[in-house]
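*Asks:* my questions concern the predicted model and sequence given below.
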Amino acid sequence: MSKKRKRKNRSGSPSGQPTPSGSGTSARKLPDNFDPDYTYVIKDLRTIGILAGIFLTILISLSFFL
């Protein structure tokens, strides 16, 4: 049986030197008036749900006849 080797944990920077935390710029903020409109998504989800129900009904009814 072979022996297991232990791996050393390497970091991206050499040991003893701190990693820079950022370039000094602040994070990008969204504008205050950001108000997304997702009514088309709700409409599409409703259509998908109706179609799924119809297809499921067809499959169940076909299982009785075939």
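*Replies:* Sure thing, it's come through. Numbering: from 1, shown residues only.

*Asks:* now do the helices in this protein.
*Replies:* 39-65 (DSSP state H).

*Asks:* where does the prediction get shaky in it?
*Replies:* 1, 9-26, 30 (pLDDT under 70).

*Asks:* again, 80 this time
*Replies:* Low-confidence segments of the chain (pLDDT under 80): 1-31.

*Asks:* what are the buried residues along stretch 55-66?
*Replies:* By neighbour count on 16 or more other C-beta atoms under 10 Å, the buried set for stretch 55-66 is empty. To be clear about C-beta, it is placed using only N, CA and C from the backbone, and glycine gets the same treatment.

*Asks:* keeping just the C-alphas, turn it into PDB.
*Replies:* Only the C-alpha atoms of stretch 55-66 are listed here, as PDB (Å, rounded to 0.1, in the frame of the first residue of the first chain):
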ATOM      1  CA  PHE A  55     -49.900  18.800 -21.800                       C
ATOM      2  CA  LEU A  56     -50.100  17.000 -18.500                       C
ATOM      3  CA  THR A  57     -53.900  16.600 -18.900                       C
ATOM      4  CA  ILE A  58     -53.400  15.300 -22.400                       C
ATOM      5  CA  LEU A  59     -50.800  12.800 -21.200                       C
ATOM      6  CA  ILE A  60     -53.100  11.600 -18.400                       C
ATOM      7  CA  SER A  61     -56.100  11.200 -20.700                       C
ATOM      8  CA  LEU A  62     -54.000   9.300 -23.200                       C
ATOM      9  CA  SER A  63     -52.800   6.900 -20.600                       C
ATOM     10  CA  PHE A  64     -56.400   5.800 -20.100                       C
ATOM     11  CA  PHE A  65     -57.000   5.200 -23.800                       C
ATOM     12  CA  LEU A  66     -53.700   3.600 -24.800                       C
END
